[in-house]
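Engineer: All I have is the shape, not the residue letters:
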């Protein structure tokens with residue numbers, strides 16, 4: 001199928017990954033992005049609406065960047081989190097199979113318990129510790145059981161120039177406060193939303209419409225930036241960059257423990273993912289998180305405050 005005729009359905013509205021996907025996937029086909037407030041609209045809490053929309057649009061590829069990502073709120077709203085993260089992906093996969101589409105779905109480091117000391121591989125046993133991770137893992141299982149061609153890309157610590165995320169929050173707070181207190185005993189890989197979208201586009205371009213290739217590739221892959229950091233490392237890098245560009249009130253970034261900042265949901269202490277499988281299958285490795293962060297911050301520096 002030519003790019004001119006291929007229809008690509010992106011779920012996630014204006015979320016930070018979906019927004020980047022709309023640009024990176026454009027050379028590969030006609031991109032239709034849907035969310036609760038788009039036209040056409042799709043509300044994943046109403047799974048009965050999924051199949052009719054997909055049958056109407058008849059996409060070649062479905063890329064699901066929609067998720068219930070309010071990790072702490074999920075502890076008090078488990079039904080809402082399950083509807084979007086667990087139930088809807090299964091319906092999406094079934095609908096994809098019905099129209100002959102392939103599905104790409106994003107999952108999370110939260111499927112693991114964070115007790116490891118070396119990067120998690122795709123075949124390591126999951127053990128989610130909270131509602132968010134449990135519902136995302138259930139969504140993975142629902143997709144795998146549906147029978148369509150699918151890829152699940154697990155990522156972590158996602159940030160970008162748009163939306164609500166750690167980078168934008170730290171930049172705002174550094175302009176407001178003399179001290180930032182940031183957790184230093186949780187470790188992961190900050191991953192730029194644009195790099196997630198670009199890697200997705202590269203994967204889709206390689207697989208194309210080759211059903212045999214999709215069958216061979218079907219599975220779970222880890223997709224995060226190279227390197228690793230604590231949240232304190234991440235915040236310190238953000239503030240250090242900001243200081244080179246402007247005078248800010250923030251004088252120090254103080255390391256604290258998870259116990260100093262209790263949250264309703266338990267965070268994995270170790271969220272580093274092994275990306276070797278992705279590199280072997282598709283030749284893709286994301287740049288180091290510090291290089292990506294510099295690029296994003298330089299883009300933000302050019303925007304008016």
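Structural biologist: Done, it's in. All values derive from a computational prediction rather than experimental measurement.
Engineer: ranges for the strands of the stretch 201-305 of the chain?
Structural biologist: Remark: strands assigned in the stretch 201-305 of the chain by DSSP state E, counting those that start in this stretch are 219-222, 229-230, 252-256.
Engineer: Can you tell me which of these is nearest to residue 267?
Structural biologist: Residue 267 lies closest to strand 229-230 among the strands of the stretch 201-305 of the chain, at 11.5 Å (Cβ to Cβ). Quick note: C-beta positions are derived from backbone N, CA and C, even for glycine.
Engineer: and the closest one, what does it pack onto?
Structural biologist: strand 187-188 (3 or more Cβ pairs under 8 Å, 6 or more residues apart in numbering; DSSP states H and E).
Engineer: coming back round to it: want to throw the strands of the stretch 201-305 of the chain into CSV with mean neighbour count and mean pLDDT?
Structural biologist: Formatted as CSV, the strands of the stretch 201-305 of the chain follow (neighbours: other Cβ atoms under 10 Å; pLDDT from 0 to 100):
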stretch, mean neighbour count, mean pLDDT
strand 219-222, 20, 98
strand 229-230, 20, 98
strand 252-256, 15, 97
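Engineer: What is the three-state secondary structure of the residue nearest to residue 61 when sequence neighbours are not counted?
Structural biologist: Take residue 61 and drop its neighbours on the chain: the residue closest to it by Cβ to Cβ, 6 or more residues apart in numbering is residue 8, 4.8 Å away. Put simply, residue 8 is strand when judged by DSSP: H, G, I helix; E, B strand; the rest coil.
Engineer: Quick one: the strands of the stretch 201-305 of the chain as a markdown table, columns for distance to residue 32 too.
Structural biologist: Formatted as a markdown table, the strands of the stretch 201-305 of the chain follow (distance: least, Cβ to Cβ, whole Å):
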| stretch | distance to residue 32 |
| --- | --- |
| strand 219-222 | 25 |
| strand 229-230 | 36 |
| strand 252-256 | 42 |
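Engineer: Which one of those lies nearest to residue 86?
Structural biologist: Short answer: strand 219-222, nearest of these by Cβ to Cβ, at 15.9 Å.
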